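mind looking at a prediction? Sequence and model below.
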Amino acid sequence: MKAQRAEPDNSGDALEQLYSRPGFMIRRAHQISIDIFIEASRALDITPSQYGVMFVLRHSGPSSQIGIARLLGLDRSTTALVVKNLTERGYLTKAQSETDARKTEIMLSAEGRRVLRRADVLADRSKEALMAAFSKDEAAQFVSLLSKFVAHFNDTTRVSISNGASEVTLASET
């Protein structure tokens with residue numbers, strides 16, 4: 001049996017239906033955000049996930065790999081790859097937990113702290129570039145709506161953010 005070839009819908013309406021779907025726009029916004037961050041931090045060759053891991057370790061102290069994953073809403077395998085890469089680059093160190101010999105704690109190395117200070121400046125530039133699409137009020141509203149969206153769905157997703165608080169709250173600063 002010969003497959004029938006569908007006639008293309010050249011009206012533009014079909015693509016507009018796809019492009020206007022919230023999921024499509026969120027995915028596209030994520031691509032843009034990643035691209036802007038990577039471009040801004042090209043000199044350090046660091047990804048948003050790598051920056052996130054180093055950032056949470058600086059602010060929450062030594063942590064297990066599972067603890068890092070929970071703080072960032074990353075799956076365990078992604079976290080393992082990011083930690084491995086950062087450790088190989090000398091940005092993280094691992095040590096046996098002083099309180100539980102079965103656990104390994106991950107922490108920033110001196111080199112990791114130095115790189116993170118530089119990355120903070122580049123991450124701020126990336127954030128400014130993203131928010132340049134909006135007025136100051138629009139940027140605040142955009143971040144507020146994103147925060148509300150993430151908080152609403154956080155506990156129903158495959159990988160949630162768990163920061164020890166009963167409710168996830170994300171910074172709404174712009």
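Cool, the structure landed.

buried ones in whichever helix or strand residue 105 is part of?
Per DSSP states H and E: residue 105 is located in strand 104-108. For strand 104-108, the neighbour count (16 or more other C-beta atoms under 10 Å) marks 105-106, 108 as buried. Any C-beta I mention is one placed from the backbone N, CA and C, and that applies to glycine too.

and those residues as TSV, adding distance to residue 92?
TSV is the format used below for the buried residues of strand 104-108 (distance: C-beta to C-beta, whole Å):
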residue	distance to residue 92
105	10
106	6
108	6
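
looking at those residues, which one is closest to residue 89?
Using C-beta to C-beta, residue 108 comes nearest to residue 89 of the buried residues of strand 104-108, at 11.9 Å.

nearest residue to the closest one other than its sequence neighbours?
residue 57 (4.9 Å; C-beta to C-beta, 6 or more residues apart in numbering).

which helices and strands does the stretch of helix or strand the one you found belongs to pack with?
Using DSSP H and E, residue 57 sits in helix 48-60. Packing contacts for helix 48-60, counted by 3 or more C-beta pairs under 8 Å, 6 or more residues apart in numbering; DSSP states H and E, involve helix 22-40, helix 65-72, helix 76-88, strand 92-96, strand 104-108, helix 110-131.

for the first one, packing partners?
Judged by 3+ C-beta pairs under 8 Å, 6+ apart, the packing partners of helix 22-40 are helix 48-60, helix 110-131.

direction-wise, compare the helix holding residue 57 with strand 104-108 and give the angle.
In terms of direction (axes from the mean of the first three to the mean of the last three C-alpha atoms, to 10 degrees), helix 48-60 departs from strand 104-108 by 100 degrees.
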